[in-house]
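J.: fold the following and give me the result.
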Amino acid sequence: MRESSWGAKVFNAANHILLLIVGIVTILPFLYVISGSLVSSEELLVKKIVLVPTNISWEAYRFIFASKIIYQSLLSTLFITVVGTFINLLLTTLMAYPLAKKTLRGRSKIMLLIVFTMLFNGGMIPTFLIVKSMGMLDTYWSLWIPSAISAFNLILLRNFFQQLPEGLEESAKIDGCNELRTLFSIVVPLSLPAMATFTLFYAVGHWNSFFSAILYINDSNMWPIQVWLRQIVMLSSGGFTDANALSEVVVPPESIKYAVIVVAAVPVLILYPFLQKHFAKGVLLGSVKG
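T.: I've put the predicted structure just below:
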């Protein structure tokens, strides 16, 4: 017993040290970015690496939020994220639920086609031509429809539905529920951990939407926040000029880059704690069965 107890103590101590090291390695980049966004230009010239700024300066954030365009792009991104996530969850759920039923004819062939899309796709130019031919250029539909269903998330949600007791659906049918009512009244409420997980996946994807917006949206008034943040970085580096876009404030380009990272990441960091308790559970439950 003593040897086992001693070994357990050594093992726990080693785990704590390892987790502490991993935690420090994980936190340091965030601390460096936040400090870099708050450092003054004088201190940045003296010190190349700043973890705790001596004098806090908000000039980088004032530079970013100097124009009303930023606030407009934030509202556009919020709209894109909320509506796009709703479309993703709705279509993914409506497709995953019937595929979870063993009685569905041709289920294996449909799943084969879904897996095929994970390995191969038409490419950027054919996708652009399809979006253009459907009249979705310069509309938010171009950001929603091409990525409406993620094959990976669909497979996980289908596996999650397969693990639910069949007796629940049979009881619902006896009570007179049709398939849609059974799905939204019984199956979906029981699948909240999985739904929370995919909500986070889809929402982060829409919030970080950049390349699709560059391809399909030419109207600058409709640009999401990520595109405008890129323009700000280019402006601070001298690669983009727009006299009406931002105020003429002298700010170190490095500080602006770090502030852009903070602005882009904070909303996701705020959302994550509310879904974190469901996150691991949802992914694990959906990945056990094939």
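J.: and the residue positioned nearest the centre of the chain, what element?
T.: Centroid-nearest residue in the chain: Val204, 1.4 Å away (criterion: Cα atoms, centre = their mean). According to DSSP states H and E, Val204 maps onto helix 192-207.
J.: alpha carbons only: can I get that helix in CSV?
T.: What follows is helix 192-207, C-alpha atoms only, in CSV (Å, rounded to 0.1, in the frame of the first residue of the first chain):
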residue,chain,number,x,y,z
LEU,A,192,-28.8,19.9,-26.1
PRO,A,193,-25.1,19.0,-25.3
ALA,A,194,-24.6,18.2,-29.0
MET,A,195,-26.6,21.2,-30.2
ALA,A,196,-24.5,23.5,-27.9
THR,A,197,-21.3,22.0,-29.4
PHE,A,198,-22.3,22.5,-33.0
THR,A,199,-23.6,26.0,-32.2
LEU,A,200,-20.1,26.9,-31.1
PHE,A,201,-18.6,25.2,-34.1
TYR,A,202,-20.8,27.0,-36.6
ALA,A,203,-20.9,30.4,-34.8
VAL,A,204,-17.0,30.5,-34.6
GLY,A,205,-16.9,29.7,-38.3
HIS,A,206,-19.3,32.5,-39.2
TRP,A,207,-17.6,35.0,-36.9
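J.: could you list the buried residues of stretch 184-195?
T.: Using 16 or more other Cβ atoms under 10 Å as the test for burial, stretch 184-195 gives Ile186, Val187, Val188, Ser191, Pro193, Ala194, Met195. All C-beta spots, glycine's among them, are computed from the backbone N, C-alpha and C.
J.: pretty sure the last one sits against Leu89.
T.: Yes. Look at Met195 against Leu89 with Cβ atoms under 8 Å: they come within range, at 6.6 Å.
J.: and for Leu28, nearest residue in space, chain neighbours not counted?
T.: Closest residue to Leu28 apart from its sequence neighbours, by Cβ to Cβ, 6 or more residues apart in numbering: Leu51 at 7.5 Å.
J.: how about the one you found, secondary structure?
T.: coil (DSSP: H, G, I helix; E, B strand; the rest coil).
J.: neighbours of it, how many?
T.: Counted with other Cβ atoms under 10 Å, residues neighbouring Leu51 total 12.
J.: that one reaches Ser35, doesn't it?
T.: Yes. Between Leu51 and Ser35 there is a contact under Cβ under 8 Å: 5.5 Å.
J.: hmm, which helix or strand of this structure has the shakiest average pLDDT?
T.: Ranked by mean pLDDT, DSSP states H and E, the weakest helix or strand in the chain is helix 41-46, scoring a mean of 70.
J.: list the buried ones in the helix or strand following it?
T.: Once helix 41-46 ends, the next helix or strand along the chain (criterion: DSSP H and E) is helix 59-64. Across helix 59-64, burial judged by 16+ other Cβ under 10 Å covers Glu59, Ala60, Tyr61, Phe63, Ile64.
J.: tell me who's in contact with the third one.
T.: By that I understand Tyr61. Applying Cβ atoms under 8 Å, 6 or more residues apart in numbering to Tyr61 gives the contacts Ser37, Ala259, Val263.
J.: go again using 7 Å as the cut-off
T.: Contacts for Tyr61 (Cβ atoms under 7 Å, 6 or more residues apart in numbering) come out as Ala259.
J.: measure it to Ile34 for me?
T.: In this view, Tyr61 and Ile34 are 11 Å apart by Cβ to Cβ, to the nearest Å.
J.: show me what the top helix by length along the chain is packed against.
T.: Ranked by number of residues, the top helix in the chain under DSSP state H is helix 2-38. Contacts defined by 3 or more Cβ pairs under 7 Å, 6 or more residues apart in numbering; DSSP states H and E place helix 2-38 against helix 253-286.
J.: report the rounded mean pLDDT for the helix it packs on.
T.: The average pLDDT for helix 253-286 rounds to 73.
J.: cool, and stretch 187-207?
T.: On average, stretch 187-207 scores 87.
J.: roughly how far is it from the heart of the chain?
T.: For stretch 187-207, the separation from the chain centroid amounts to 11 Å (computed by Cα atoms, centre = their mean, to the nearest Å).
J.: ditto for stretch 88-106
T.: On Cα atoms, centre = their mean, the centre of stretch 88-106 falls 23 Å from the chain's centre.
J.: in that stretch, what's buried?
T.: Within stretch 88-106, the residues scored as buried using 16+ other Cβ under 10 Å are Asn88, Leu89, Leu91, Thr92, Thr93, Met95, Ala96, Tyr97, Leu99, Ala100.
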